[in-house]
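Peer 1: Predicted model and sequence follow; I will ask about them next.
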Amino acid sequence: SPLQLADSDRFEWRSIDYVKFVGKTEPLETVEVLAYKGELSEEQRQMLGFYQQGMDLYRQQHWEEAKAAFQASAKLEEDFPNRPTTPSQVYLGRCDYFIAHPPGEDWDGSWSLTSK
């Protein structure tokens, strides 16, 4: 995993996604490193709490509750140059997608990439 390569004990990080790539059956986890261990700002700590709550609810298919958590984390996320969106904004869109297109009980929490 990327975290093993990055020595995860030294960093504060969050899970971004479980992605299924074309031709692969197992989803791969992608992560974002936020800071060195113990160096999160108070705002980052709050954001991470809301975001993790949203991720837990999302993976349980509680879309509306997940949206509320992601809306809270989105307000605290940093905007980076050349990044047109944020992870929380992405998940808000996915919650809307899954409300309209439920993935079913056997969903593994992943988002399939249909083309390379």
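Peer 2: It's in.
Peer 1: May I have the residues that are in contact with the residue lying closest to Leu57 once chain neighbours are set aside?
Peer 2: Using C-beta to C-beta, 6 or more residues apart in numbering and skipping residues adjacent in sequence, the residue nearest Leu57 is Ala66, 3.8 Å away. The way it works is simple: take the backbone N, C-alpha and C, and place the C-beta from them, glycine included. Residues in contact with Ala66, defined by C-beta atoms under 8 Å, 6 or more residues apart in numbering, are Gly54, Met55, Leu57, Tyr58, Tyr91, Cys95.
Peer 1: Ala66: what secondary structure?
Peer 2: helix (DSSP: H, G, I helix; E, B strand; the rest coil).
Peer 1: Which helix runs longest in the chain?
Peer 2: If you go by DSSP state H, the chain has its longest helix at helix 42-59.
Peer 1: in that helix, what's buried?
Peer 2: By neighbour count on 16 or more other C-beta atoms under 10 Å, the buried set for helix 42-59 is Gln44, Met47, Leu48, Phe50, Tyr51, Gln53, Gly54, Met55, Leu57, Tyr58.
Peer 1: same question, stretch 106-113
Peer 2: Quick answer for stretch 106-113 (16+ other C-beta under 10 Å): Ser110.
Peer 1: which of the contacts of Ala66 sit farthest apart?
Peer 2: Met55 and Cys95 (11.2 Å; C-beta to C-beta).
Peer 1: would you list every one of the strands in this protein?
Peer 2: 11-20, 28-36, 111-112 (DSSP state E).
Peer 1: returning to what we had before: got TSV for the contacts of Ala66, with pLDDT and distance to Tyr18 too?
Peer 2: Compiled in TSV, these are given as follows (pLDDT from 0 to 100; distance: C-beta to C-beta, whole Å):
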residue	pLDDT	distance to Tyr18
Gly54	97	15
Met55	96	10
Leu57	97	15
Tyr58	97	11
Tyr91	96	12
Cys95	97	15
